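In: Any chance you can model this:
(2 chains)
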Number of protein chains: 2
Amino acid sequence: MKDKKLLARIDQYIHEHVDESIGDLARLCAVPSISAQGSGIQEGAELVAHMLEQKGFEAQIMPSDGNPVVFGQAEGRSEKTLLFYLHYDVQPPEPLELWESPPFELTRRDDKLYARGSVDDKGHIVARLAALAAVRHAMGELPCRVKFVVEGEEELGSPSMDAFVEQNQELLASDGCIWEFGGVNQYGQPSQALGMRGICYVELSVRTADRDAHSGLAGTIFPNAAWRLIWALNTLKDRDERVLIPGFYDDVRPVGEVDLEYLSRLPDTSDHRKEMYGLAGFLNDLSGGLEFERTAVFEPSCTICGLESGYQGPGSKTVLPAEARAKVDFRLVPDQAPDDIVKKLRAHLDAQGFGDIHVELNGGTRPARTRPDHPMVALADRAAKAVYGQESLIRPMIGGSGPNYPFIHTLGLPVITAGVGYPGNGAHAPNEHVRLDDFIQGIRHTAYIAAAFAENSD
Amino acid sequence: MKDKKLLARIDQYIHEHVDESIGDLARLCAVPSISAQGSGIQEGAELVAHMLEQKGFEAQIMPSDGNPVVFGQAEGRSEKTLLFYLHYDVQPPEPLELWESPPFELTRRDDKLYARGSVDDKGHIVARLAALAAVRHAMGELPCRVKFVVEGEEELGSPSMDAFVEQNQELLASDGCIWEFGGVNQYGQPSQALGMRGICYVELSVRTADRDAHSGLAGTIFPNAAWRLIWALNTLKDRDERVLIPGFYDDVRPVGEVDLEYLSRLPDTSDHRKEMYGLAGFLNDLSGGLEFERTAVFEPSCTICGLESGYQGPGSKTVLPAEARAKVDFRLVPDQAPDDIVKKLRAHLDAQGFGDIHVELNGGTRPARTRPDHPMVALADRAAKAVYGQESLIRPMIGGSGPNYPFIHTLGLPVITAGVGYPGNGAHAPNEHVRLDDFIQGIRHTAYIAAAFAENSD
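Out: As a prediction, this is how the structure comes out:
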């Protein structure tokens, strides 16, 4: 790491400006920029651009095939360029009744800051800005050129990011990328995620009539949309979790020895997860260990995220539904691709006699990984050691998804993580929050990486 | 039928008091007495009792195991007793956005009266009162003793009616019963329904965790409530509509020759239904005819009425649901019984490895039938001929359900139908309505039956 005096100056600035950072986070979380519901998008983009400008970056709101992308940049001492990928959109706050404080009002309780987006991903946007302000102050200027790409559709599966990166390769050209998340595990150990599963999020829907019918009059003679959906979904996955779509596993690459070695070093968090979610057990009788870790990240998944048909209120309504819908999330591993999976899903449904089931792709990203021996991985680890006092856990792949494919494959960048998260932070769930300590450590880690980035050899 | 002068006096009174009857209907429909949602129940019962008293009946609101029952009675010339079974509760109005006028505000358009309950069953409550007022006026007194049982849980499957009838046999003792519905088919022909399928309405639910999880982190290792529900439901019925619960068909009696004869006389309404509901076709490639009619009413059914799990809003939310629910409606034929079906369902789920699926019975009634050769059936038919100018279509069984079992088997009554409905009236659906002509004819038919009831030999 850089000399201790510089790091001390960075730390001092960060600590002296914590309240300002919390204020920035509160401002950003107050905008309900929910891409799934199409709300607050322009407002969210404008506020991010405004904050970038306030911190000394040129900012522009750029069109994409979907929601606008905020691009920011600033010169630095070196020509080397560090790129930050982030997103200003958030998950829907539902179910609202489970929030203990209003989801779009940053609320501090027990040194935790609660709000939708407080971690995912507005906490990270603010952390990057706070880190770079500290580095700029401590060094008199930025040590390298810095670029920001802050998109507004990450929670939809980043449908426009592939094309946006493809079309703006020159503008985005960089030497390394810090991803939108990062942080510590439940033991406080920093984690480094080097790959992400892809995602293929589809909506299956079927309509069997113009309107609902009386179940007594129609039950034995009318087609029922809910039954059609049940029978169709049942053909997708068996009770042993094997996906039954022909060809689904064709492009799955075997897990490498090095990957298994990294996975075997991970601490056993299975009991912790069981307790946190109140689980009786895991699928297929898995308990902690290598097979558990491998299944969690190197197996592709088929998850029903939502089901809807007919009457869902209290008591009974004797209705035969005309329409039924399911949201299904496939997580993909190298080298599966969303377009290919949708094609195979369609062919499978047709072959099974479910031509009436409509399939709509709601967003897809391909899986991608950074090689573990890239020098930037070592740099992030050294910075983590200086901040957290211990080595990073290397995760060759994580279960979540994001558009890292175009950054890794189109721009050719190593992509590393650093951030403010921890496993209990409730991202995508009610009462999402960032712990104040994690917030400060995530700012420091980002700052230490930025300070050393220009001198890192790659 | 009675002498023409008497019938003419009855008709004159009915026509002169149509506006008053419409006013009564508007008052009654204004109370949203939705048993499934627990609203307006006491208010509904009180208004019915008040209306009975206004029309010269003693009325009392009696407790039951569930919602209160309104009992009414009045003396007449003969000791013979005619019992009216009705209900003051209605179906939920959802989906609200499909109503063209407010569901609890009786609205007249094109000689149709729109409101939730305008047919089912408040239109019938008002029709009975209007008919008896006309008969009382024309004859100077009621020709026979009249009793009313108006319950508040019919739309829940009448869970308390068996016990209520059992406990009040003396009070309810009668010689014949007019049921809560009736009317004409799509060709204007009066219909006589002599039996009803039973119902067994259950809610299946499963909880796999204390809270929803991120589908990326949990998809391949956490149990998913939605998948558990899908797999469990799939074991209940195959794609050929055969219910797979062992023993489900054990108590189904073969359809008799007389029943088949009546069914074969029914007009072919299949094209009409196809058009009304926008169906591409019927189940198992049925088209009109005897097998279609037999399947519609003499086959037991298993209908999914509602499905609910996870995120159902617009766009995508990458969540793994902790809970999933389905509402399932079994229609039963003689001699199936709801308690027995629930027991078999539970045993089946357990045997299939679905001990985690919770089953709750939301209401059940047994199937029951009146014998077609009962003199009261002939009386109703003669009255229909006088009103509608044609013979009634005899339906030995209909697809819908109701608590006719205790009236037929505990009280030993013949149960016949007469009323204000027609196939397009939208009962249980948005824009429920009664046609003004049907309303008047249903009042006349009820009045003619009441006028002749005491002299009918049985």
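In: I'd say A:Asp120 and A:Val434 touch.
Out: No - counting by CB atoms under 8 Å, A:Asp120 sits too far from A:Val434 to count as a contact (9.4 Å). No exception for glycine: its C-beta is placed from N, CA and C like everyone else's.
In: Report pLDDT for the residue nearest to A:Lys317 when sequence neighbours are not counted.
Out: Ranked by CB to CB, 6 or more residues apart in numbering or on different chains and with sequence neighbours excluded, the top spatial neighbour of A:Lys317 is A:Tyr311, at 3.8 Å. What the model reports as pLDDT for A:Tyr311 is 94.
In: Could I get the contacting residues of A:Tyr311?
Out: A:317, A:319, A:321, B:92, B:94, B:305-306, B:327 (CB atoms under 8 Å, 6 or more residues apart in numbering or on different chains).
In: Give me the common contacts of A:Asp120 and A:Val434.
Out: With CB under 8 Å, 6+ apart as the test, A:Asp120 and A:Val434 both reach A:421, A:425.
In: Compare those two (neighbour count), which wins?
Out: Neighbour count, other CB atoms under 10 Å in any protein chain shown: between A:Asp120 and A:Val434, A:Val434 has more, with 32 against 27.
In: did I read that right, that one in a strand?
Out: Yes - the assignment for A:Val434 (DSSP: H, G, I helix; E, B strand; the rest coil) places it in a strand.
In: For it, name its beta-bridge partners.
Out: A:Leu113 (DSSP bridges).
In: Okay, and which of the contacts of A:Tyr311 map to strands?
Out: Per DSSP state E, strands hold the following members of the contacts of A:Tyr311: A:319, B:305-306, B:327.
In: tell me which of the residues you listed is nearest to A:Ala452?
Out: B:Gly306 (57.8 Å; CB to CB).
In: mind checking pLDDT for the closest one?
Out: For B:Gly306, the predicted pLDDT is 98.
In: quick one: it and chain A, what's the gap?
Out: Distance, B:Gly306 to chain A, by CB to the nearest CB, to the nearest Å: 4 Å.
In: distance of that residue from B:Leu113?
Out: B:Gly306 is 29 Å from B:Leu113, where distance means CB to CB, to the nearest Å.
In: what about the helices in the stretch 151-300 of chain A?
Out: Per DSSP state H, counting those that start in this stretch, the stretch 151-300 of chain A carries helices over the ranges A:161-167, A:169-172, A:215-218, A:225-234, A:257-265, A:270-277, A:290-298.
In: okay if I get those as CSV plus mean neighbour count and mean pLDDT?
Out: Putting the helices of the stretch 151-300 of chain A into CSV (neighbours: other CB atoms under 10 Å in any protein chain shown; pLDDT from 0 to 100) gives the following:
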stretch, mean neighbour count, mean pLDDT
helix A:161-167, 18, 97
helix A:169-172, 14, 98
helix A:215-218, 26, 92
helix A:225-234, 24, 98
helix A:257-265, 15, 92
helix A:270-277, 16, 92
helix A:290-298, 21, 96
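In: a markdown table for the ones you listed, including distance to chain B?
Out: Formatted as a markdown table, those follow (distance: least, CB to the nearest CB, whole Å):
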| stretch | distance to chain B |
| --- | --- |
| helix A:161-167 | 15 |
| helix A:169-172 | 25 |
| helix A:215-218 | 3 |
| helix A:225-234 | 4 |
| helix A:257-265 | 13 |
| helix A:270-277 | 4 |
| helix A:290-298 | 5 |
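In: Spit out the contact partners of the residue of the stretch 351-458 of chain A found nearest chain B.
Out: Proximity of the stretch 351-458 of chain A to chain B (CB to the nearest CB) peaks at A:Gly400, 3.4 Å away. Shown in contact with A:Gly400 (CB under 8 Å, 6+ apart): A:196-197, B:214, B:216-217.
In: what do you get if the cut-off is 10 Å, keeping everything else the same?
Out: Shown in contact with A:Gly400 (CB atoms under 10 Å, 6 or more residues apart in numbering or on different chains): A:120, A:181, A:193, A:196-197, A:199, A:297, A:331, A:427-428, B:214-217, B:219, B:318.
In: which two from those residues end up farthest apart in space?
Out: Going by CB to CB, the pair spanning the contacts of A:Gly400 furthest: A:Asp120 and A:Val297, at 18.6 Å.
In: Toward the C-terminus, what is the element adjacent to whichever strand or helix holds A:Gly23?
Out: Using DSSP states H and E, A:Gly23 sits in helix A:18-29. Under the assignment DSSP H and E, the closest C-terminal helix or strand after helix A:18-29 is helix A:41-54.
In: Any idea what A:Ser78 is bridged to?
Out: Going by DSSP bridges, A:Ser78 forms beta bridges with A:Cys144.
In: do you know how far it is from chain B?
Out: According to CB to the nearest CB, A:Ser78 and chain B sit 35 Å apart.
In: Can you report how many residues lie near that residue?
Out: For A:Ser78, using other CB under 10 Å, the count is 15.
In: do the same with A:Gly389
Out: Count around A:Gly389 with other CB under 10 Å applied: 10.
In: got it, and A:Glu308?
Out: Using other CB under 10 Å, A:Glu308 is surrounded by 22 other residues.
In: what sits against whichever residue of the stretch 1-150 of chain A sits closest to chain B?
Out: Nearest residue of the stretch 1-150 of chain A to chain B, counting by CB to the nearest CB: A:Ala36, 3.2 Å away. Shown in contact with A:Ala36 (CB under 10 Å, 6+ apart): A:89-92, A:94, A:153, A:155-156, A:362-363, B:311, B:313-318.
In: Tell me, what's the model's pLDDT at it?
Out: The model's pLDDT for A:Ala36 equals 89.
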